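Provided below for reference: sequence and predicted model.
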Amino acid sequence: SWNQAQAAPISIALQTGSAMQMPAALPLSALENTTEFLPRHIGIDAADEAHMLSVIGEASRRALIDGIVPRSIARSQTMDLPPPATEAAALAELKAIASKNQVLKSFIGQGYYGTHTPGVILRNILENPAWYTAYTPYQAEISQGRMEALVNFQTMVCDLTAMPIANASMLDEATAAAEAMTLAKRSVKSKSNVFVVSGDTHPQTIEVIQTRAAPIGITVVVVNSAQEWEAALAGDFFAALMQYPASSGWVMDWKTDVEAIHAKQAAAIFATDLLALTLLTPPGEWDADIVIGSTQRFGMPMGAGGPHAAFMACRDEFKRSMPGRLVGVSVDVHGKPAYRLALQTREQHIRREKATSNICTAQVLPAVIASMYAVYHGPEGLKRIGQRVARFTAILAAGLKQLGFAPLHATAFDTLTVDLGSTDAARAVVQRALDAGANLRLLRGQCVALSLDETTTRDDLALLWRAFAPTAAQPTVEALEANAPDLIPASLRRTSAY
């Protein structure tokens, strides 16, 4: 029968198999396969290494190293390393270390804010290797999508700052400020070597400016009062930088200051916040020369400090000295619009020692995230987020005042600063907030600064009020909402479209 015919070979196979010798079992150390990651890594193998050594005339890798590394610094003993771990074990170990971190709610501000990354952007861009592995789009014909996203970024920056031209992103806000300083030095008529900086600029920005200025002979003058500012503008300088809104929160009309700066044939530089500019008069309407800042709060997580895309916009006359790269719209061989890199000859990979900048001059992935965040929300959505932040800030200020802790400044967009009168009192507020799971900014010893953002909730305001006055009768958002005065002056409210 068919069953008998089919069963016979099976029986023979089983009998034959039982008579065969079993292969010797591999040792457990080999089965654990701690080097499993190596075959998946793109690199040279033993044959490649042997060929390379033969070409350069060395007998072994050890001989090559011994011939290059001076004996005075060469390691005399092998490194004391633990046994190799598998990829899964290494990931588990890293997760165990990361789990020790305390993830707190941040109200520190200082250029870094909580933000909600839209799910569609998170999934399709931030977690998509087609986007997150991409580098400079040198080949325009295969990079149209990325360059369109960067044109969106440039357009977004120009619209919100009211400036005529913007590049395709910078490394971060602090280095963008240093680049703005050197751009101004190359571009203005003033022959001075003095750069004036408002003392209420983010501290990391001031420090990077000072570091960059020292080796190139620029004197940085940091001013910390209105009187010092007036005196500095009456002196000799080639540019002045203002933080708008200020690091401690206040906002003001800088139009007359820009006029005074231009009277000295110097450049007016603003470090600003794009979300604030959805509500505030943009620097371009004051005839600013250069505007820089961070786009981090446009959908890019804080990520323990970076990376985040900065931006730089400037007047049209400065464009050929602007650092970084610009994406432009051209026409292809079929007469259709096409994107290409334009004016990138200022970069170090082309001009080398003659480049305008020798730092990494772009953050393409974070810039794309920011541009898509703006597309996702649209002008009205961005404005609503800005209004929400500003309204929460006004209500927080009203509650603090009710508790006897009136903020130092009468104006603000998202940041308030309170003088507690002593270092001990300020530290006590910061500690109470810390115990409740929040980080506040200790400023000038006895002041505490609070910055709100897109993620701020009503419960967050209650937490902050309790940190200042834990035993007092607590304000409520509902009681204060109707009458809390706006902190953006009418004269500074934006009227132009974007």
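Done, it's in.

by contact count, what packs against the lengthiest helix in the chain?
With secondary structure taken from DSSP state H, the chain has its longest helix at helix 364-402. The elements that helix 364-402 packs onto, with contact taken as 3 or more C-beta pairs under 8 Å, 6 or more residues apart in numbering; DSSP states H and E, are helix 119-121, helix 129-132, helix 144-161, strand 415-419, helix 458-468, helix 477-480. Where you see a C-beta, it was placed from the backbone N, CA and C, and this is true even at glycine.

and among those, the most buried is which?
For the helices and strands packed on helix 364-402, the largest average neighbour count (mean count of other C-beta atoms under 10 Å) is found in strand 415-419, namely a mean of 24.

packing partners for that one?
So strand 415-419, by 3+ C-beta pairs under 8 Å, 6+ apart, packs with helix 364-402, strand 447-451.

and if we set it to 6 Å?
Contact partners of strand 415-419 among helices and strands, from 3 or more C-beta pairs under 6 Å, 6 or more residues apart in numbering; DSSP states H and E: strand 447-451.

give me the mean pLDDT for the strand it packs on.
Mean pLDDT, computed over strand 447-451, is 98.

cool, stretch 489-498 as well?
97.

likewise for stretch 158-175?
Here the average pLDDT along stretch 158-175 is 96.

follow-up on the earlier one: tell me how far the longest helix of the chain lies from the chain's centre.
For helix 364-402, the separation from the chain centroid amounts to 16 Å (computed by C-alpha atoms, centre = their mean, to the nearest Å).

and stretch 268-283, how far from the chain's centre?
17 Å.

now the end-to-end length of that stretch.
By C-alpha to C-alpha, to the nearest Å, the extent of stretch 268-283 from end to end equals 9 Å.

pull the residues that contact it.
160-162, 177, 180, 239, 241-245, 258, 261, 288-293, 297, 382-383, 386, 413, 492, 494 (C-beta atoms under 6 Å, 6 or more residues apart in numbering).

quick revisit: closest to Lys336 out of the helices and strands packed on helix 364-402?
Nearest of the helices and strands packed on helix 364-402 to Lys336, taken as C-beta to C-beta: helix 144-161 at 10.7 Å.

by contact count, what packs against the closest one?
Using 3+ C-beta pairs under 6 Å, 6+ apart: helix 144-161 touches strand 165-166, strand 310-314, strand 326-331, strand 337-342, helix 364-402.

buried set for the third one?
Along strand 326-331, the positions that meet the burial threshold by neighbour count (16 or more other C-beta atoms under 10 Å) are 326-327.

now stretch 82-100: average pLDDT?
On average, stretch 82-100 scores 92.

if you count neighbours, what's buried in it?
For stretch 82-100, the neighbour count (16+ other C-beta under 10 Å) marks no residue as buried.

report the central residue of the protein.
Closest to where the C-alpha atoms of the chain average out (C-alpha atoms, centre = their mean) is His308, at 1.9 Å.

ok, for that residue, nearest residue in space, not its chain neighbours?
Using C-beta to C-beta, 6 or more residues apart in numbering and skipping residues adjacent in sequence, the residue nearest His308 is Gln296, 3.7 Å away.

same question for Pro470.
Arg432 (6.3 Å).

for the strand or helix carrying the one you found, which positions count as buried?
In this structure, Arg432 is located in helix 423-435 according to DSSP states H and E. Using 16+ other C-beta under 10 Å as the burial criterion, the residues of helix 423-435 that qualify are 425-426, 428-430, 432-433.

again with stretch 199-212
199-202, 204-206, 208-210, 212.

can you tell me which of these are in helices?
204-206, 208-210, 212.

sorry, back to before: just give me the lowest mean pLDDT stretch among the helices and strands packed on helix 364-402.
Minimum mean pLDDT among the helices and strands packed on helix 364-402: helix 129-132, a mean of 89.

and the contacts of it?
Residues outside helix 129-132 that contact it (C-beta under 6 Å, 6+ apart): 125, 365.

where are the low-confidence patches of the stretch 301-450 of the chain?
Residue ranges of the stretch 301-450 of the chain with pLDDT under 70: 344-353, 358-361.

same for the helix holding Arg432, what does it pack against?
Under the contact rule (3+ C-beta pairs under 6 Å, 6+ apart), helix 423-435 is packed against helix 458-468.

ok, so what distance separates Thr476 from Asp414?
In this view, Thr476 and Asp414 are 21 Å apart by C-beta to C-beta, to the nearest Å.

and the two? Which one has more around it.
Neighbours per residue, other C-beta atoms under 10 Å: of Thr476 and Asp414, the larger number sits with Asp414, 25 against 13.

so the residue nearest to Pro470 touches Ala467, yeah?
Yes - with contact defined as C-beta atoms under 6 Å, Arg432 counts as touching Ala467 (4.4 Å).

for the nearest residue to Val221 once chain neighbours are set aside, give the beta-bridge partners.
Distances taken as C-beta to C-beta, 6+ apart place Val196 nearest to Val221, at 5.1 Å, with adjacent residues excluded. Taking DSSP bridges as the rule, Val196 bridges to Val221, Ala240.

ok, Val196 - contacts?
Contacts of Val196 by C-beta under 6 Å, 6+ apart are 221, 232, 237, 240.

gap between the last one and Thr201?
By that I understand Ala240. From Ala240 to Thr201 the distance is 11 Å (C-beta to C-beta).

equivalent analysis for the first one, please.
Separation of Val221 from Thr201 (C-beta to C-beta) stands at 12 Å.

for Gln243, helix, strand, or coil?
Per DSSP: H, G, I helix; E, B strand; the rest coil, the secondary structure class of Gln243 is strand.

who's in contact with it?
Contacts of Gln243 by C-beta under 6 Å, 6+ apart are 198, 200-201, 271.

dump these to a markdown table, plus pLDDT and distance to Asn439.
Shown next, in a markdown table, are the contacts of Gln243 (pLDDT from 0 to 100; distance: C-beta to C-beta, whole Å):
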| residue | pLDDT | distance to Asn439 |
| --- | --- | --- |
| Ser198 | 98 | 25 |
| Asp200 | 98 | 21 |
| Thr201 | 98 | 21 |
| Ala271 | 98 | 22 |
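
of all these, which two lie farthest apart?
Most distant of these, by C-beta to C-beta, are Asp200 and Ala271, 10.6 Å apart.

follow the chain on from the helix holding Arg432 and name the next helix or strand.
strand 438-439.

neighbouring strands of that following strand in the sheet, and parallel or not?
By DSSP bridges, strand 438-439 pairs with strand 105-106 (parallel).

sorry, back to before: Ala309 is in contact with the residue nearest to His308, correct?
No - counting by C-beta under 6 Å, Gln296 stays clear of Ala309, with 7.6 Å between them.

where's Ala162 relative to Thr281, distance?
For Ala162 relative to Thr281 (C-beta to C-beta), the value is 9 Å.
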